[in-house]
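1. Below are the sequence and a predicted model; questions follow.
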Amino acid sequence: MEEKFIPGDLNFVITNDERLKEINIEFLKHNYFTDVIAFNYSENNRINGEIYVSLETVKRNAVVYKVSLRMELLRVMIHGTLHLCGYNDKTENERNVMKLIEDRWIIRSKEM
């Protein structure tokens, strides 16, 4: 899938682990922590949505993956936006595809 969407209203909400877990339980019925949850309000090819990010998890993951906090936060924001574009990450293959696309957008961001 090529990302041929028009940016609309993208709201990024930076929160903590507990709040994101509450959102995960309430809206997705998943009782676990996560780094990002995206709510898609897109219409046609205009991307609209809310992307909730746990800064606590992002900080821990930055250490684990040995990247800067800025880089890990950027990756998670891209990841959430890719969900709004229709990408999923339920299977290993889907996760691999998303990772490749995240890498491509991170490289593009460095060129700007």
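-> Right, received. Where do you want to start?
2. When you work out contacts or count neighbours from here on, use the C-alpha atoms and nothing else.
-> Noted.
3. Pull the residues that contact stretch 90-108.
-> 74, 75, 78, 79, 82, 87, 88, 89 (Cα atoms under 8 Å, 6 or more residues apart in numbering).
4. buried sites along it?
-> 97, 98, 99, 101, 102, 105 (16 or more other Cα atoms under 10 Å).
5. In three-state terms, label the first one for me.
-> The reference is to residue 97. Of the three states, residue 97 takes helix under DSSP: H, G, I helix; E, B strand; the rest coil.
6. What of the fifth one?
-> Recorded secondary structure, residue 102: helix (three-state DSSP).
7. any idea how far it is from residue 21?
-> 24 Å (Cα to Cα, to the nearest Å).
8. likewise the second one?
-> Residue 98 sits 23 Å away from residue 21 when distances are taken as Cα to Cα.
9. Check the third one too.
-> Noted for residue 99: a distance of 23 Å to residue 21, by Cα to Cα.
10. host element of the nearest residue to residue 21 once chain neighbours are set aside?
-> Nearest residue to residue 21, sequence neighbours excluded (Cα to Cα, 6 or more residues apart in numbering): residue 33, at 5.0 Å. Assigned by DSSP states H and E, residue 33 falls within no helix or strand.
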